[in-house]
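Colleague: Requesting a structural model of the entry that follows:
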Amino acid sequence: MNYRLQFQAWFKWLFGSNDTKNELEEENRVFDEIFKSEEIENKSEEEIGVVTRSYNGIIEINKIWVAYEQLLSIRVGSLVSFTKPTNEESNIVTNVELLNNINQTTNIKDKVINEGIISYIDNEKILLNPGSLIIWKNDVEITYRPEIGDYIKLENYNGFLKLYPKECCIITEEVINWDGKQGFLKNNTNITLEVCDSFYFPKIGDKVITCIIPCECDTYKWRSLNVAKVDSARYGNKKIEVKNIPVFIVPIGKEKIIDITVKNTFYKSLEIVYVKIIPEISYVTLLENPVKIIDPTIGITYKILCKGTIIGWTSFTVEFKFKNFSYNKTVKFLTTEDNNEEILLQEYNSKRPLNFVDRVHKPNFLRVKPKSYEIPFCLLEICGSSEKNKLDCMSLIQEKIPELSYGLTMQTYATYFHTLLFLEEIAQMHAMEELETVAPLVRRGEFYVFIFEDGTNYSSLCPGDTVLISNPWLNDDSEPKQTELKVWTRKQNEIYLKFKDIFNIVGNRGTLFRMKFRNNRTCTVRTHHAIDYFIKKVDIKWLFPDLIKRNPFKNCTFSKKILLPNEIQYFSNELDFEQREAVYNIVFTTENLEYPYLLFGPPGTGKTVTLVEITLQTLRQYPNCRILIAAPSNSAVDTLCERLIINGNINNTELIRLISFNYSQLGQLPVNLVEYAAVLSHSPEIQDDIRVCDVENLTQFKIIVGTLNTLGIINCLGIRNGHFTHVFIDEAGQTTEPDTLIPLATIKPGFTRVVLAGDPNQLGPVIISQIAKAYHLGESLMMRLMNYPMYSRCFENVGNTIKPKVATMLRKNYRALPTLVNLLSDLFYKNQLEAMMSTVKSREAEILNILKSTSFGTSGSNLIVIKVNGKEEYLHGEKNSFWNIMEASRISVIVLELYKIGISAQQIGIITPYSLQVKKIKECFKSLCIEPPKIGTVEEFQGSERDIIIISLVRTTLDECRLSFICDPKRANVSLSRAKVMNIILGYEVTLRMSHLWEKVLDKSFIINPNINN
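Modeller: Model prediction:
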C-alpha cells in the first residue's frame, strides 16, 4: 500500500492544491520527512486513517475502527497509523500513533477552507463532492440547515471542522410562482413554505425579503433560508417627498405666506389631480399653481396664505392627490397678540445664552470609560430626514457596510449590531423631530414647566433627554438663539426644566418658546459598549453554540455531595415536573455550564415562580454565590424582587434593587422595596428614603437586581469577569440581543451559570427603525438560540429520546380555562401546552357559569366573536393608527352588561392594536359617565392578566397587505393569552378571514351576529 500517495491525496483535499514550483517543492520536502522509506517498510502491516470521532477516552477511525489508546494530541481530522485486528469480526485496533503534526513541521496556516457540493445527506452524515468525502454530523459544526445541492465551505481549524454556505446574501425580490408549498422569486430563487415566517403564505406578486444561498439544481440556482413579506406600507418606494414645515407665528390681524415644496422622487413623471386644504378654513388660502405634471427629481412649490384671525393654535392638512395615490402634510401655526410679539422681540434680541442646570451628572467613578459611539455620517446621509425609500436605503447601506449582507456571524457580529443600533437611533431622532413645538414655559417656583396633552408622545420624555430651546420671535434675518438643556423631571403631563438665572422674560402668564427634543444617548452608548466589552472580555464563540454538538450529550452525572432530586427541599411545594427539572438542571448539575440555559415559559406556566425557586435554591446550595438578575422592564424586576423577599425571607444586606435616577423620581417603586432600592449616586438631589451605593458596597451583595439599562453601568466599573457566579435574565424574549449582552459581559464562560427565561413567541422589543427590524434587530438572543438544534430538540415531543440538558419548556398552564389554553397551544405552541385549571371546581369556572346569564354567554362558550360591520377611520396624514366607532360603542354596551351581573372593572381588560381606538373607547365611557376598565394597546397588556378580555380589532379593509399589524402572530398571542375566563373578540368577519391566524380563531369560536343594525 502506497501510504505516501494516500496521505498526499488527503493532504491536497484538506489544504488545497499547490500550483507554484516552490510550493510543490516544499510539499514534497514535508512528505519526505514524514514518509521515510525505511519506516514505511517497517509498518507494512499497519493501516493509515483519519480520526472521525473522539469521545470518552475512545477514538473512532474512518467511522469503522475503534481504539482505546487515545493520545492527548489526537483530534478529529488527525491522520494516524494503527494495527488492524487479526480477528476479522473485531473492529478494535491497537498501536495508534499520530503520523503528522503539520503545525510543527510546516508553515501551512492553521485555518484551511475547501469548497464543494452536497451530494447526499441523512440524519448522520453528509456526502461532499468532489472526492465523495463523508462528513459525520456529530464531528462538525453546521451553521445552517444543509440540503442536497448546496454549495458549501468546509473549514478545518486544527482538526475542528465547520460547514457553512459558500455564499449568503440578503435580497428583496418579487414572488413570480407559488403552488401552495413552494415557488420561485424573479431571480430564480426557490422558496418553500417551511422557510416562510409564521402565518405568512406567499402569493404571486408579493415583495419579500430573504436570505439566499447558491445551490445546484435543475430548476433553480439559489434557495432561500428564510422569507418575510415586505410590508408595502413600510417598505414601498415613496414617490414624492415633502419637507416638514416647522410651526410658525402669525400675529393677529397680520398675514404670512409659507412655501410647501413637493419633490418627485419617482422614476416617472407624476400628475397632480388636485391640492386642497383639509378642513376648509376661511383664513387659510391655497394659492393656485398651474403646474400639473412633476418630472422626476423636480420639485414644485405651493404658497399658502395664513391670516392671524383667531388667537391660539391653528392646524390643517394639505392633501396632494395624484392619479394612483395621495399624500397628506400637516401644517400648524400660532396666532398671538401684537403687543406680545413686540415684547418678546425686545426681550429675546439679547445674544446672552440661557444658563441651565443639568440634574443628572456624569458619574466620576467610571473605571472603564466607554467610547462616544457617534452615528457614522454615511448612515445619516443614506437614511435622510425620515428614513425614506427603505429598500433603496438597505441597498445603499449594504454597499457601505457589506457585513449586513453576510448575515450575523462571529466575524461580522460587532459591525452588524453596531450598525443596527445606529439605524435605530436615527429612527428615534426622526421620531423626536416630530415633537417639535412652540409652546409656553410656565414659571413654577424655581422650575419652568412645559405642559402637554395626555396621550401625546411627549410622555416618552425622561430626565436626561435634551431640549433645544430657541426664540421663535426673531426676524428671519436675525440669528436665532438656541440653548441646549436637559429635562429635570417629569410628573404626569408636565416636563420640568431648571435655569440658573431667573429671567424677567418668563412670567406667570407664560412665555412661548420653540422647543426641539433629543434622546438621552446614555442607554444606547451602554449597549454599544456592551458589545465591544463582551467580545473583549468574554468570547464571541459563546454566542454561537454548535448547531450539532461534536460529542454526544451525556446523561447528567453528579457528585455525591450534590443532592438527588428526591432529596431537595423546595421553597414552593407546588412545582410541576418541568419546573423541578429546570431547577435541578440549573442548580444541582454542572453539566453544560459553557452554554446558556433557556427557560421557555409560555403564558401562565409559572416561569417567574420557577426563576424565584432557582434563585433561592442557588443561595442555599452555594452560600458564596453572587447572583446578577436582570429584566428589560421595571415591573418585571419589581415582581421578581417582591417574590424573592417573601418566599426567601431575604434582607436588604443580601439583596439590592439597583434603580435609575429616573425611576426613583416617578414614584412607581413598590413601598415594600424602598429599603432594598439604591442608586449609584451621580445626582446632586437623591430622595432621602433611597439608599446611595458606591462600587465597593455594590460588590458585597449576594443578589443584584435591576433593569438591563440600569445595569449597563456595571460594565464601566471594572468588575472582573466571573465575579458573578450566576446571571439570570427574565423576559429575555422581550429585549434585543445587544441589550442582553449588558449583563452577559460580566460572565466567565464555563464558570458562570447563565439562564435566559422568557417566551420569544410573544412581543419582542419595540423597534422603530424598519430597516433595523428587517435585519432582525427585534429578534432576541433567546429566540436566535432556540433555532439551534441543540436547543430546539429540548422543545420537541420526541418520546424518550435523550435531550441535551440546556433548556426546559414549561408546559402546564395554570392561568386560564382549558378552551383558551388549547387555542394558544394550537396556534403558537405546537399543541404542547397542558391546561391544569379545573372546568368545575375553580373560581374561573364559577365566573364562566355566571356569564351564561349575559346575551353573549348563553352558549356556554368562553371564546366569543361578535361580528361588527363598522367602518375603520383614520386621521388625515396619519395612516398608521385607526379607530372604529361602531366597535367602541359596542364595547361600552358589553361592559355595562358585565357590570350588571357583578363583574368589576378590575376583572375586565380591553385590548386594541391602535392608540386612536383606545382614545375613542375611553371617550365612550366618559360620555356614559361610567367607570372604565383598563383600556390599552397590546404592548400595555403584556405581562398582565384579567378574567375577561375584550379585543377590538378595528380593521375593515379588504386590502390584505395592510393587515400585517393585527395579523402579527406575537401581537395576537399576547392579545389572546391575557384572559383567564373569557375572550370576547369584536371585528369584521370578512376582513378577519383574510388572515390564516384569525380564521383559525373564528373556526374555534362561538360567533354572534347581533340582531341590532350595525
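Colleague: which non-adjacent residue is nearest Ile134?
Modeller: Of all residues beyond its chain neighbours, the one nearest Ile134 is Lys125 (5.4 Å), with distances taken as C-beta to C-beta, 6 or more residues apart in numbering. The way it works is simple: take the backbone N, C-alpha and C, and place the C-beta from them, glycine included.
Colleague: State the number of residues packed around that neighbour.
Modeller: Neighbours of Lys125 under the rule other C-beta atoms under 10 Å: 17.
Colleague: residue contacts, it?
Modeller: 134-137 (C-beta atoms under 8 Å, 6 or more residues apart in numbering).
Colleague: Check for me that Ile614 belongs to a helix.
Modeller: Yes: counting by DSSP: H, G, I helix; E, B strand; the rest coil, Ile614 is part of a helix.
Colleague: pretty sure it is touching Val583, no?
Modeller: Yes: here Ile614 lies in contact with Val583, judged by C-beta atoms under 8 Å, at a distance of 5.5 Å.
Colleague: Give me the common contacts of these two.
Modeller: Joint contacts of Ile614 and Val583 (C-beta under 8 Å, 6+ apart) do not exist.
Colleague: pLDDT weak spots in the stretch 351-500 of the chain?
Modeller: Across the stretch 351-500 of the chain, the ranges flagged by pLDDT under 70 are 351-367, 384-389, 454-455, 471-481, 499-500.
Colleague: how much space between the most centrally placed residue in the chain and Leu763?
Modeller: Nearest residue to the geometric centre of the chain (C-alpha atoms, centre = their mean): Gly778, 2.6 Å. According to C-beta to C-beta, to the nearest Å, Gly778 stands 10 Å off from Leu763.
Colleague: Give the buried residues for stretch 744-764.
Modeller: 744-749, 752-764 (16 or more other C-beta atoms under 10 Å).
Colleague: Show the end-to-end separation of it, please.
Modeller: Criterion C-alpha to C-alpha, to the nearest Å; first-to-last residue distance in stretch 744-764 is 19 Å.
Colleague: Check the offset of that stretch from the chain's centre.
Modeller: 14 Å (C-alpha atoms, centre = their mean, to the nearest Å).
Colleague: So the residue nearest to Ile134 versus Lys153, what's the distance?
Modeller: From Lys125 to Lys153 the distance is 18 Å (C-beta to C-beta).
Colleague: Ile495 now?
Modeller: From Ile495 to Lys153 the distance is 55 Å (C-beta to C-beta).
Colleague: okay but Ala888 is in contact with Leu916, surely?
Modeller: No: counting by C-beta under 8 Å, Ala888 sits too far from Leu916 to count as a contact (10.1 Å).
Colleague: who has more neighbours, these two?
Modeller: Ala888 (26 against 19).
Colleague: Where does the more buried one fall, secondary structure wise?
Modeller: Counting by DSSP states H and E, the element that carries Ala888 is helix 885-900.
Colleague: Next, the buried residues of that helix.
Modeller: Buried residues in helix 885-900, counting neighbours by 16+ other C-beta under 10 Å, are found at 885-892, 894-895, 897-898.
Colleague: Which residues outside it are in contact with it?
Modeller: With C-beta under 8 Å, 6+ apart as the criterion, helix 885-900 contacts 854-856, 866, 868-871, 873, 905, 908, 910, 917, 920-921, 923-925, 928, 930, 932-933, 948, 950, 952-954, 984, 986-987, 1010, 1014.
Colleague: What of stretch 913-923?
Modeller: Counting by C-beta under 8 Å, 6+ apart, 455, 874-875, 881-885, 887-888, 891-892, 910, 912, 932, 935-938, 952-954, 965-966, 971 sit against stretch 913-923.
Colleague: chain center to that stretch, what's the gap?
Modeller: 26 Å.
Colleague: Just the buried positions in it, please.
Modeller: For stretch 913-923, a neighbour-count test (16+ other C-beta under 10 Å) marks 913-918, 920-922 as buried.
Colleague: For that stretch, C-alpha coordinates in PDB please.
Modeller: Provided in PDB are the C-alpha atoms of stretch 913-923 (Å, rounded to 0.1, in the frame of the first residue of the first chain):
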ATOM      1  CA  PRO A 913     -53.900  47.300  18.400                       C
ATOM      2  CA  TYR A 914     -54.400  51.100  17.900                       C
ATOM      3  CA  SER A 915     -53.900  54.100  20.200                       C
ATOM      4  CA  LEU A 916     -56.700  56.000  18.400                       C
ATOM      5  CA  GLN A 917     -59.100  53.300  19.200                       C
ATOM      6  CA  VAL A 918     -58.000  53.400  22.800                       C
ATOM      7  CA  LYS A 919     -58.900  57.100  22.800                       C
ATOM      8  CA  LYS A 920     -62.300  56.500  21.200                       C
ATOM      9  CA  ILE A 921     -63.200  53.700  23.700                       C
ATOM     10  CA  LYS A 922     -62.300  56.000  26.600                       C
ATOM     11  CA  GLU A 923     -64.500  58.800  25.200                       C
END
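Colleague: what's the burial count for Ser315?
Modeller: 11.
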